[in-house]
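> requesting a structural model of the entry that follows:
(one chain, ligands or ions: 1)
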Amino acid sequence: MSMRLPFFKNKQEETDDSCTVETTNIPKHVAIIMDGNGRWAKKRGLPRIAGHKEGMNVVKEIVRSATHYKVEILTLYAFSTENWKRPKSEVEFLMKLPKEFLHTYLPELIEENVRIDTIGEFDGLPLHTKEAIQYAKEQTKDNDGLLLNFALNYGSRFEIMRAIKQVYTDMQKEDLSIDQFDEEVFSKYLYTNGLSDPDLLIRTSGEQRLSNFLLWQLAYAEFWFTDVLWPDFSEEVFKRALHDYQQRKRRYGGI
Ligand SMILES: Cc1cc(N2CCCCCC2)n2ncc(-c3ccc(F)cc3)c2n1
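Modelled structure (predicted):
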């Protein structure tokens, strides 16, 4: 049972009782831009951090649902490299959320065989944030259920530039030749090395842009947008996204 605030129950969730999710053709890797937390709080006359807090509790509900539907990888855009520009107090609050989330939910996540990892510049996070996440990574490293992958201090253009510089260095050292270099080799230089590309991208709050998220990896993903604000997101809305994904025919550039 996720710890969601009961008095916010009048949520504007998209629900569709006829929505069924088939057990076949489940997206292996789902990426989510969890947008709308500040707007959710503003609509209720609450401080922005109340939206982030409620949004954190929604994460656990969707992790449980993703496990139920046998999604293999769930990548959540939790903090971008651009988010450092937000007010100091908001950034400090956000940087405490990983520890709060893990303090509340890590035992349950271990129980559900979830493995926790991150993508982004981990070293650029505050020490208290890194310590909490590193502990969770250690505690879940042998789990082979859902990979819960948080994009933290993540920016796709920085990731691509970082990869290009490393490719250049390896070529200078003659550890890599131009003939060996292709898309598959380049992908190994990204934070997502070893992960399959996302099959489905979900973005909440009605915005329809990538916001410097997984620009390389989302090349062939299905995009699913909803006006639902992240704190109002739920298993029902997640089911809608999975159902709609299953109605689409993936082309990978073909006809
Ligand atoms: C910075 C930040 C923001 C954050 N939000 C809550 C969800 C809405 C979007 C922004 C705010 N959440 N939610 C969970 C985490 C988290 C990160 C790493 C980890 F190992 C465990 C939990 C988190 N981290």
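
> how about the residues of the stretch 51-200 of the chain near the ligand?
52, 55-56, 59, 78-79, 94, 97-98, 101-102, 116, 133, 136, 150, 152 (CB under 6 Å from any ligand atom). In short, each C-beta sits where N, CA and C put it, glycine included.

> so L152 sits in a strand?
Yes - under DSSP: H, G, I helix; E, B strand; the rest coil, L152 falls within a strand.

> give me every residue that touches it.
L152 makes contacts with 78-79, 98, 118-120, 122, 125, 129, 133, as judged by CB atoms under 8 Å, 6 or more residues apart in numbering.

> looking at those, which is nearest Y189?
I119 (12.9 Å; CB to CB).

> remind me which helix or strand the residue in the chain that the ligand sits nearest to belongs to.
Sorted by distance to the ligand under CB to the nearest ligand atom, the residues of the chain start with G55, at 3.2 Å. Using DSSP states H and E, G55 sits in helix 48-68.

> beta partners of the most centrally placed residue in the chain?
Centroid check for the chain by CA atoms, centre = their mean gives L76 as the closest residue, at 1.0 Å. Bridge pairing for L76 (DSSP bridges) gives the partners I32, F150.

> list the residues that contact it.
31-32, 34, 59, 148-151.

> what's the distance between it and L147?
11 Å (CB to CB, to the nearest Å).

> do I110 as well
Distance from I110 to L147, by CB to CB: 14 Å.

> of the two, which one has the most company?
For I110 versus L147, the count of surrounding residues by other CB atoms under 10 Å is larger for L147: 19 against 16.

> show me where the protein has helices.
For the chain, helices defined by DSSP state H occupy the ranges 37-43, 48-68, 88-94, 97-111, 127-140, 156-172, 183-187, 235-247.

> nearest to G254, out of those helices?
Here helix 183-187 is closest among the helices of the chain (CB to CB), at 16.6 Å.

> only C-alpha atoms, please: export the closest one in PDB.
The C-alpha coordinates for helix 183-187 follow below in PDB (Å, rounded to 0.1, in the frame of the first residue of the first chain):
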ATOM      1  CA  GLU A 183      26.500   2.500 -32.900                       C
ATOM      2  CA  GLU A 184      26.800  -0.600 -30.800                       C
ATOM      3  CA  VAL A 185      30.300   0.400 -29.600                       C
ATOM      4  CA  PHE A 186      29.200   4.000 -29.000                       C
ATOM      5  CA  SER A 187      26.300   2.800 -26.800                       C
END
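
> now do the end-to-end distance for stretch 167-184.
13 Å (CA to CA, to the nearest Å).

> now that stretch: buried residues?
167, 170, 176 (16 or more other CB atoms under 10 Å).

> got the contact list for the closest residue to L97 other than its chain neighbours?
Residue nearest to L97 in three dimensions, not counting chain neighbours: M56, with 5.4 Å by CB to CB, 6 or more residues apart in numbering. Residues counted as contacts of M56 (CB under 8 Å, 6+ apart) are 97, 100-101.

> now do D144
Here D144 is in contact with 113, 115 (CB under 8 Å, 6+ apart).

> and for V63?
74, 109, 112, 114, 146, 148.
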